[in-house]
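K.L.:
the following comprises the amino acid sequence and a computationally predicted model.
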Amino acid sequence: MDILSKYRMLMMLLSAVGQIHGRKKLQKMVYLLQEAGCPFKEEFNYHLYGPYSEELAIKVDEMKFLGLLEERIEATTSGYKQYIYSLSDLGRQYLAATPKNTFRIPPYFEQFAKELARYDARTLELMATLRFLRKMNYSDSEASEYVKILKPEQEYKDDEIRNALDFLNKLSGTRTPERA
């Protein structure tokens, strides 16, 4: 195993989607992909914006330093900084030179990554938070109420929460039973 292999899944994600707009979006995409069975190894804990991995943040910084990914910073219309991540030429060369059988990648990885990339960070935050709450054995109705308490500033509507739960049901393939 070579020293760069710990970055391979993140490089594959960036290769699949082209670029990711925002740190929060990157965090939530990796979390949801990991929850779908993709071999990301980062540990996630609950943070202000939902599941967050310090390990992932460090990997991104290391990859920038090594020249495997590019980070661009653009100002949003509201004046905030947005970080845009893409695979560098060196990252693409490494991926091309790495044997494909190094990791067990689910056949749905690329399609699911592209599907997640279509969502904005706010929606991914909702999905990831609901998934995190489900893992803590909250029922869908409990998780729906709790997400409103945890994130009042997001002002999530009932239909947004229902759509996010439907997406998670599609993700898992099974419906999480409601607790009595």
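P.N.:
Sure, I can see it.
K.L.:
okay, CA-based contacts and neighbour counts for the rest of this
P.N.:
OK.
K.L.:
report the contact partners of the residue most central in space within the chain.
P.N.:
Centroid-nearest residue in the chain, with C-alpha atoms, centre = their mean: M29, separated by 1.5 Å. Contact partners of M29, counting by C-alpha atoms under 8 Å, 6 or more residues apart in numbering, are A113, L116, A117, L124.
K.L.:
is it true that the third one touches V17?
P.N.:
Yes: with contact defined as C-alpha atoms under 8 Å, A117 counts as touching V17 (6.8 Å).
K.L.:
name the member of the contacts of M29 with the most neighbours.
P.N.:
Ranked by the number of neighbours (other C-alpha atoms under 10 Å), the contacts of M29 place L124 first, at 24 neighbours.
K.L.:
make sure that one is actually in contact with L26.
P.N.:
No: between L124 and L26 there is no contact under C-alpha under 8 Å: 9.5 Å.
K.L.:
pLDDT below threshold where in this protein?
P.N.:
Where the chain drops to pLDDT under 70, the residues are 1, 101-103, 173-180.
K.L.:
for it, just list every one of the helices.
P.N.:
Secondary structure of the chain (DSSP state H): helices located at 8-17, 23-35, 54-66, 89-97, 109-117, 121-135, 140-150, 158-172.
K.L.:
can you lay out the ones you listed as a markdown table showing distance to I73?
P.N.:
Output for the helices of the chain, formatted as a markdown table (distance: least, C-alpha to C-alpha, whole Å):
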| stretch | distance to I73 |
| --- | --- |
| helix 8-17 | 17 |
| helix 23-35 | 11 |
| helix 54-66 | 13 |
| helix 89-97 | 18 |
| helix 109-117 | 18 |
| helix 121-135 | 16 |
| helix 140-150 | 29 |
| helix 158-172 | 29 |
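K.L.:
nearest to Q82, of the ones you listed?
P.N.:
The closest of these to Q82 is helix 23-35. By C-alpha to C-alpha, the value is 7.9 Å.
K.L.:
which ones are touching K100?
P.N.:
Here K100 is in contact with no residue (C-alpha under 8 Å, 6+ apart).
K.L.:
that one and S5: what is the separation?
P.N.:
12 Å (C-alpha to C-alpha, to the nearest Å).
K.L.:
got it, and K25?
P.N.:
Counting by C-alpha to C-alpha - K25 and S5 are separated by 23 Å.
K.L.:
so those two - more neighbours on which side?
P.N.:
K25 (22 against 15).
K.L.:
surely that one and T123 touch.
P.N.:
No: counting by C-alpha under 8 Å, K25 does not reach T123; the two are 9.2 Å apart.
K.L.:
how about stretch 7-15: buried residues?
P.N.:
Y7, R8, M9, L10, M11, M12, L13, L14, S15 (16 or more other C-alpha atoms under 10 Å).
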